[in-house]
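Colleague: how would this look folded up:
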Amino acid sequence: MGYATQKMAEEKVFKDPVHRYIHVRDQVIWDLVNTREFQRLRRIKQLGTSYTVFHGAEHSRFNHSLGVYEIVRRICDDVFPGRDAWNEGERLVSLCAALLHDLGHGPFSHAFEKVFNVDHEDFTRRILLGDTEVNAVLARVSSGFPQDVADVIAKTYRNKLVVSLISSQIDADRMDYLQRDAYYTGVSYGHFDMERILRVMRPLEDQVVIKLSGMHAVEDYIMSRYQMYWQVYFHPVARSAEVILRKILQRAKELDANGYEFKQPLRHFQSFFDRTFTLKEYLALDESILMTYFQLWMEEDDPILSDLSDRFVNRRLFQYIEFDPGKDFRKLAELAVLFTKAGIDPEYYLVDDSSSDLPYDFYRPGEEGERLPIHLLMPNNEIKELSRSSQIVDAISGKRRTDYKLYFPEELLTDGKKKAVKQQIRDMIREGER
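Modeller: Modelled structure (predicted):
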């Protein structure tokens, strides 16, 4: 028996609040779970700074990754077997890609990526193909197997059906994180009938389709996703925490570039500031490391770094108002001047931030970032794009919603210094709130 088909003597299970149990019988999967790169995901939160709003949102990318694996395992073992378009030889690459799809996320994920200009999918592929324990496990399947898994992550794998299981508008990744994030945040928005969707899934040569009888379950899924983005993922208070997090890292980076002497050596950050970091150094960073630095930086002599770090650690977040960049651009410039006059650095204390989402899009060939649509399998075996049959989905198709906020530390405007300037700032902010 080859390593690719080797089963464990006894099935391993993980108790899971979303899927009840996660089942592992393949030796390859068990060995991947036990690599140091996968175990690192226990130390990366799934929802970044959302725990500052939803106190239960402390779950990790480790349990999300297991959840995505479990959904794909059920599809491969229970839904697709025996159907013409499904090749059983693709089972293992599908399971491995599902398990490892988030391997490259850095601490606090998207905020970290913006400051250091890194892409988690690129680092996932580098982990899969580099000198890592994960690569060693995958290479035991075959010499080309790590590249196959990396190609699924890159969406360039030869079998588009496999790619669609991991990355599409109705994939295992979304189906897990919507339910998991809803569970841990305590909201009801993310719940939908996944069992029904799995039951009506059918494999075609290059994608998953849904039987017409399952259309209403898919409508519910899309609306759940819409609600989760606007009620949880784009919550303005969580975004305030992320703004401060970004500004902490930006300030430390700027101080280092200007020769500032930190009380605590920048052992874990220096190579990131210098853009010389290795894969090993990237993997050495997790959220516990960042939080340690933030607590140390609270004691730094630089007042901005010290204050921002204290704000993040002790949840003293920025206030926010609605902001229209087209209409309010001049007002933002005027506010920046007033902040400077008041001795408040607008680069760090007056921050505009936007969040944008497209809940569902139909096929637009040739366009940048084109998305394959969700297709329905009609009773006559015709394939029809979802929004042509669903009035609900048609109403939101292709409609991008963007939300703009302007963040600032309200309490800095209430002390006694430079009262006239600060009164002007308060008046402008109140005008923006109306």
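Colleague: drop to CA atoms for contacts and neighbour counts, all remaining ones
Modeller: OK.
Colleague: The lengthiest strand in the chain pairs with which strands?
Modeller: Under DSSP state E, the strand in the chain containing the largest number of residues is strand 7-16. Strands that pair with strand 7-16, judged by DSSP bridges, come out as strand 20-26 (antiparallel).
Colleague: in the helix or strand that comes right after the strand it pairs with, what counts as buried?
Modeller: With elements assigned by DSSP states H and E, the helix or strand that comes after strand 20-26 is helix 27-33. Buried residues in helix 27-33, defined by neighbour count with 16 or more other CA atoms under 10 Å: 27, 28, 29, 32, 33.
Colleague: For residue 72, list the residues it contacts.
Modeller: Contacts for residue 72 (CA atoms under 8 Å, 6 or more residues apart in numbering) come out as 94, 95, 98, 165, 172.
Colleague: quick check: angle from the helix or strand it falls within to strand 7-16?
Modeller: In this assignment (DSSP H and E), residue 72 forms part of helix 61-74. The directions of helix 61-74 and strand 7-16 differ by 120 degrees, with axes from the mean of the first three to the mean of the last three CA atoms, to 10 degrees as the criterion.
Colleague: Let me see the mean pLDDT of helix 61-74.
Modeller: For helix 61-74, mean pLDDT rounds to 98.
Colleague: hey, C-alpha coordinates of it in CSV?
Modeller: Provided in CSV are the C-alpha atoms of helix 61-74 (Å, rounded to 0.1, in the frame of the first residue of the first chain):
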residue,chain,number,x,y,z
ARG,A,61,-7.5,29.4,11.7
PHE,A,62,-6.6,25.9,12.9
ASN,A,63,-10.1,24.9,13.6
HIS,A,64,-11.5,26.7,10.5
SER,A,65,-9.0,24.8,8.4
LEU,A,66,-10.1,21.5,9.9
GLY,A,67,-13.7,22.5,9.2
VAL,A,68,-13.0,23.2,5.5
TYR,A,69,-11.2,19.8,5.3
GLU,A,70,-14.3,18.1,6.8
ILE,A,71,-16.7,19.6,4.3
VAL,A,72,-14.5,18.6,1.4
ARG,A,73,-14.1,15.1,2.9
ARG,A,74,-17.8,14.7,3.0
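Colleague: Give the next helix or strand downstream of it.
Modeller: As assigned by DSSP H and E, the chain's next helix or strand after helix 61-74 is helix 91-100.
Colleague: helices or strands next to the helix ranked longest in the chain in the packing?
Modeller: Identified as the longest helix of the chain according to DSSP state H is helix 236-257. Using 3 or more CA pairs under 8 Å, 6 or more residues apart in numbering; DSSP states H and E, the elements in contact with helix 236-257 are helix 109-116, helix 270-273, helix 303-313, strand 319-322.
Colleague: Any chance you could list what contacts it?
Modeller: With CA under 8 Å, 6+ apart as the test, helix 236-257 has contacts from 49-53, 111-112, 114-115, 273, 304-305, 308-309, 311-312, 315, 317-320, 348, 351, 353, 405, 407.
Colleague: quick check, distance from it to the centre of its chain.
Modeller: Put simply, helix 236-257 sits 18 Å off its chain's centre (CA atoms, centre = their mean, to the nearest Å).
Colleague: Would you mark the buried spots in it?
Modeller: For helix 236-257, burial by neighbour count (16+ other CA under 10 Å) applies to 236-253, 256.
Colleague: swap in stretch 188-195?
Modeller: Buried positions in stretch 188-195, judged by neighbour count with 16+ other CA under 10 Å: 189, 190, 191, 192, 194.
Colleague: average pLDDT for it?
Modeller: Stretch 188-195 carries an average pLDDT of 92.
Colleague: can you list contacts of it?
Modeller: In contact with stretch 188-195 (CA under 8 Å, 6+ apart) are residues 175, 178, 179, 181, 182, 217, 220, 221, 224, 225, 227, 228.
Colleague: can you check stretch 212-229 too?
Modeller: By CA under 8 Å, 6+ apart, the list of residues contacting stretch 212-229 reads 178, 182, 189-194, 196-197, 200, 357, 359-360, 376-379, 386, 390, 392-393.
Colleague: give me that answer again for 7 Å
Modeller: Stretch 212-229 is contacted from outside by 178, 189-193, 196-197, 200, 359, 376-378, 392-393, using CA atoms under 7 Å, 6 or more residues apart in numbering.
Colleague: now do stretch 285-294
Modeller: Against stretch 285-294 from outside (CA under 7 Å, 6+ apart): 43, 44, 106, 107, 108, 309.
Colleague: Would you mark the buried spots in that stretch?
Modeller: Residues of stretch 285-294 classed as buried by neighbour count (16+ other CA under 10 Å): 285, 286, 287, 290, 293, 294.
Colleague: Looking at those residues, which are in helices?
Modeller: Residues of these located in helices (DSSP H): 287, 290, 293, 294.
Colleague: Can you read off the pLDDT for the second one?
Modeller: Predicted confidence (pLDDT) for residue 290: 96.
Colleague: Okay, it and residue 89: tell me how far apart.
Modeller: Here the criterion is CA to CA, to the nearest Å. By it, residue 290 lies 42 Å from residue 89.
Colleague: ok, now the last one?
Modeller: Taking CA to CA as the criterion, residue 294 is separated from residue 89 by 48 Å.
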